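Undergrad: just coords:
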Ligand SMILES: Cc1cc2nc3c(=O)[nH]c(=O)nc-3n(C[C@H](O)[C@H](O)[C@H](O)COP(=O)(O)OP(=O)(O)OC[C@H]3O[C@@H](n4cnc5c(N)ncnc54)[C@H](O)[C@@H]3O)c2cc1C
């Protein structure tokens, strides 16, 4: 069933699953294990056509989900997803995979909650294990003003029927015994916003699941295909130029996150976006001890433990706008120091690796979605540090927008025109560190 409302219903495409999507059954796994046959390719190589009905630039979760819902929900299958590198090579394969919907504004809460609902059913929809673990999400308050914002968020969340409440230090300590909840720390923990449905997911699996499902519905995925220019005639988009040739298309969608302004510039569309690197790091694996996501805005740090036992650490974006995705010692030292302020018992843990990705930040920390002044040119960008969780709802809503020509209500507040009209959707209080 397809729905753009905020009802707690899953999408599941149009209910008809292409044969190739049924491939991963328990029986198939067993039979394959006993045979020497190779698994069939999850998505296929196709020649680049000279024209498509829809060209989507960017093979991250947003581009792939949009392609999947176009095909599954609306029967629009003559679709190409172009990526200059490989699918998931951008933020979709670099994020820390935190999903939640406890935002600050009613528009934001409604939107992200629909995504969590879609994620809850995604493994079944795509027949692919995406390992969504709803283990709970804690945002710590270290001062009165944080507590006030959290109470505000909890009230907005409750009105939208999102499970979210402010809890005291005792309950925090019960949930995460390793946190230093004593009063002697530099920033004592005064309470927290607790959001039980939040959690983590396997980001690669989400990307691969959408790619496999879109491919099975007939979508063409073209990797190593870089868009170098966008053709616009008389205010209307007519196609793209790539390193592999030109493609004509009446509809072009920009799903390129950290590169979004470069692509929109090609169509002559200005966007209020600045690009910043965001870094993360992971430790060696240890036995499970942390089954909640912990975020501290004051200390600019968050932490979760993967199913493999590694601790994943993240922070806010780097302080300077840049397209560099190099890790820095400054980040590692900062993140390690702040994690130890929260959990001193981790002092002997060793960091395994660190990495970075690009984030396209908007002035109000909310995305930009929908049509642009260039007819046929759509954007699904401005995903900052929080866009992975929005992949399903964005894909569903963008597909509906493209297929029907109408902007679905759930994304209407996030149009590009809001910056000219001054209708900002201020999410900074809920989106700066807690991705
Ligand atoms: C370290 C880190 C941690 C994060 N943690 C979280 C988190 O916990 N939760 C959360 O919700 N979000 C998180 N995010 C943000 C999230 O990763 C992004 O918002 C999201 O992945 C964006 O997805 P996307 O599909 O829009 O873009 P991307 O996944 O970035 O995909 C864009 C694609 O466009 C392609 N591209 C660019 N230019 C061109 C071109 N000219 N031609 C063709 N292709 C092109 C790129 O190769 C890339 O694959 C994090 C980000 C980072 C970097």
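TA: On my side now, so go ahead. This is a predicted model, so every value here is computed, not measured.
Undergrad: where does the prediction get shaky in the stretch 1-150 of the chain?
TA: The stretch 1-150 of the chain contains residues with pLDDT under 70 at 1-16, 19-23.
Undergrad: where do the strands sit along it?
TA: 54-57, 79-82, 98-99, 137-141 (DSSP state E, counting those that start in this stretch).
Undergrad: please apply the same query to the stretch 301-435 of the chain.
TA: Under DSSP E, counting those that start in this stretch, the stretch 301-435 of the chain gives strands at 301-305, 311-314, 351-361, 368-371, 377-381.
Undergrad: note down every partner strand of the third one and its orientation.
TA: Right, the one you point to is strand 351-361. strand 274-283 (antiparallel) (DSSP bridges).
Undergrad: on the pLDDT front, check residue 434 for me.
TA: Each residue has a pLDDT score; the one for residue 434 is 71.
Undergrad: most tightly surrounded among the strands of the stretch 301-435 of the chain?
TA: Ranked by mean neighbour count, the strands of the stretch 301-435 of the chain are led by strand 377-381 with a mean of 27 (mean count of other CB atoms under 10 Å). From N, CA and C alone the C-beta is placed, and that goes for glycine too.
Undergrad: what's that strand in contact with?
TA: 62-63, 66, 230, 232, 237, 251-257, 260, 264, 267, 269, 271, 273, 360, 367-372, 394, 398, 401-402, 416 (CB atoms under 8 Å, 6 or more residues apart in numbering).
Undergrad: would you list the buried entries among the residues you listed?
TA: 62-63, 66, 230, 232, 237, 251-257, 260, 264, 267, 269, 271, 273, 360, 367-372, 394, 398, 401-402, 416 (16 or more other CB atoms under 10 Å).
Undergrad: where exactly do the helices run in the stretch 1-150 of the chain?
TA: 26-34, 61-74, 106-120, 122-126, 144-159 (DSSP state H, counting those that start in this stretch).
Undergrad: most packed of those helices?
TA: It is helix 61-74: most buried of the helices of the stretch 1-150 of the chain by mean count of other CB under 10 Å, with a mean of 30.
Undergrad: helices or strands up against that helix?
TA: If contacts are counted by 3 or more CB pairs under 8 Å, 6 or more residues apart in numbering; DSSP states H and E, helix 61-74 sits against strand 54-57, strand 79-82, helix 203-216, strand 377-381, helix 391-404.
Undergrad: got JSON lines for the ones you listed, with distance to the ligand too?
TA: Below are the helices and strands packed on helix 61-74 laid out as JSON lines (distance: least, CB to the nearest ligand atom, whole Å):
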{"stretch": "strand 54-57", "distance to the ligand": "5"}
{"stretch": "strand 79-82", "distance to the ligand": "5"}
{"stretch": "helix 203-216", "distance to the ligand": "8"}
{"stretch": "strand 377-381", "distance to the ligand": "7"}
{"stretch": "helix 391-404", "distance to the ligand": "7"}
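Undergrad: go through these and name the closest to residue 150.
TA: Closest to residue 150 of the helices and strands packed on helix 61-74 is helix 391-404 (CB to CB; 23.9 Å).
Undergrad: buried residues in the closest one?
TA: 391-403.
Undergrad: so where do the strands sit in the stretch 151-300 of the chain?
TA: Going by DSSP E, counting those that start in this stretch, the stretch 151-300 of the chain shows strands at 165-167, 191-195, 199-200, 220-222, 227-233, 236-242, 245-248, 251-254, 274-283, 293-296.
Undergrad: got the contact list for the last one?
TA: Around strand 293-296, the neighbours that count as contacts under CB under 8 Å, 6+ apart are 98, 100, 135-140, 142, 176, 179, 187, 198-200, 301-304, 338, 342, 433-434.
Undergrad: run the chain-centre distance for that strand.
TA: In terms of CA atoms, centre = their mean, to the nearest Å, the centre of strand 293-296 is found 18 Å from the chain centre.
Undergrad: that one vs the ligand: in contact?
TA: No - using CB under 6 Å from any ligand atom, strand 293-296 stays clear of the ligand, coming no nearer than 8.7 Å.
Undergrad: change the start of the numbering to 740 and stick with it
TA: Sure, I'll start numbering at 740, so the last one becomes strand 1032-1035.
Undergrad: tell me the mean pLDDT for that strand?
TA: pLDDT averaged over strand 1032-1035 gives 98.
Undergrad: what do you get for the shortest one?
TA: Mean per-residue pLDDT for strand 938-939: 98.
Undergrad: how far is it from where the chain is centred?
TA: Using CA atoms, centre = their mean, the offset of strand 938-939 from its chain centre is 12 Å.
Undergrad: and the residue nearest to residue 888 when sequence neighbours are not counted, how many neighbours?
TA: Leaving aside its chain neighbours, residue 888 sits nearest to residue 1168 (5.0 Å; criterion: CB to CB, 6 or more residues apart in numbering). Per other CB atoms under 10 Å, the neighbour tally for residue 1168 reads 18.
Undergrad: and the gap between the residue nearest the centre of the chain and the ligand?
TA: Nearest to the geometric centre of the chain sits residue 1127, at 0.7 Å (CA atoms, centre = their mean). Distance of residue 1127 to the ligand, given as CB to the nearest ligand atom, to the nearest Å: 3 Å.
Undergrad: buried residues of stretch 781-800, list them for me.
TA: Buried residues in stretch 781-800 (16+ other CB under 10 Å): 781-782, 791, 793-800.
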